[in-house]
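Enquirer: predicted structure and sequence below. I'll ask about it afterward.
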Amino acid sequence: PAQPLADIQMDAWTGNAATLLPYLLEVEGLDGYYGDGQRLLRDWDLMQPPDSAAAAYFNAVWRSLLRLTFWDEVPRDARPDGEDRWFEVVRGLLERPDDPFWDDVRTKATETRDDVLHKAMRQSRDEMTRRLAKDADDWEWGRLHTLSLEAQTFGTSGIGPVEAIFNRGPVPTGGGSAIVQATGWDAATGYQVDAVPSMRMVVDLSDLDASRWIDLTGVSGHPFHDHYADQTELWRDGRTLAMRFDPESIE
């Protein structure tokens, strides 16, 4: 009974893509090599599992779009992080193709929405080639969107061999910012995961012994223990473990 709710917690559908995608699919002049990403988007279900090539490209376009649109006018400490506030900011701008925000004040030309979208898609194609692969079918969102687990004691010691003992990752991860499968990332700095639900739980109030849960790492704080980080991949994949209540079941 708990599994449907556990599945809901892993919903990686992105409403931001639903807003932006129609505009990206209408961008002209993306042929051959530069059309690969656009072709991926045509059949995309808007989900963001770790192995999604379309999700990798879309998020690269989103990050590039924010950079091209706002970095020329906002101070460094206010650069867009790409979270839900920016979903709505860009939604409004998309309906105003000649809004001054689209223009890059550092150039003599006057850029419009379509200019920015075209440039963002071309830049993202080149970025995917550099970071992942020339063949678009080999792109994977999880190779960009990785989770590194850092112990807050010895894991921040600054001593490489010690940190290697206590820290884990990077772990390829799905999901994204401001969606149900909330694995946040900051578009101003990169794709790496910077915020996650540290534990997921589904409690069956009709049968407490049927409840399920999962931890981000493990139940041991000892880095050489089998249970130090044995739940991380289960957590990443949306799997859960039994959370026992009945004494006989626990035993």
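Expert: Received the coordinates, thanks.

Enquirer: Ile214 in helix, strand or coil?
Expert: Assigned with DSSP: H, G, I helix; E, B strand; the rest coil, Ile214 falls in the strand class.

Enquirer: in which helix or strand would I find Ala17?
Expert: Assigned by DSSP states H and E, Ala17 belongs to helix 15-25.

Enquirer: which elements pack onto that helix?
Expert: Helix 15-25 sits against helix 36-42, helix 53-70, helix 84-94, helix 113-131, with contacts defined as 3 or more CB pairs under 8 Å, 6 or more residues apart in numbering; DSSP states H and E. For glycine as for every other residue, the C-beta is placed from the backbone atoms N, C-alpha and C.

Enquirer: try 7 Å this time
Expert: helix 36-42, helix 84-94, helix 113-131 (3 or more CB pairs under 7 Å, 6 or more residues apart in numbering; DSSP states H and E).

Enquirer: neighbouring contacts of the helix or strand bottoming out on mean pLDDT in the chain?
Expert: The weakest-scoring helix or strand in the chain, judged by mean pLDDT, DSSP states H and E, is helix 3-9 (a mean of 86). With CB atoms under 7 Å, 6 or more residues apart in numbering as the test, helix 3-9 has contacts from 180, 200, 202, 212, 238, 240.

Enquirer: surely the first one and Asp11 touch.
Expert: Yes - in this structure Val180 lies within contact range of Asp11 using CB atoms under 7 Å: 4.0 Å.

Enquirer: for Met47, which non-adjacent residue is closest in space?
Expert: In this structure, Met47 finds its nearest non-sequential neighbour in Ala12, 4.9 Å apart by CB to CB, 6 or more residues apart in numbering.

Enquirer: do you know how far that neighbour is from Gly82?
Expert: The spacing between Ala12 and Gly82, counted by CB to CB, to the nearest Å, is 16 Å.
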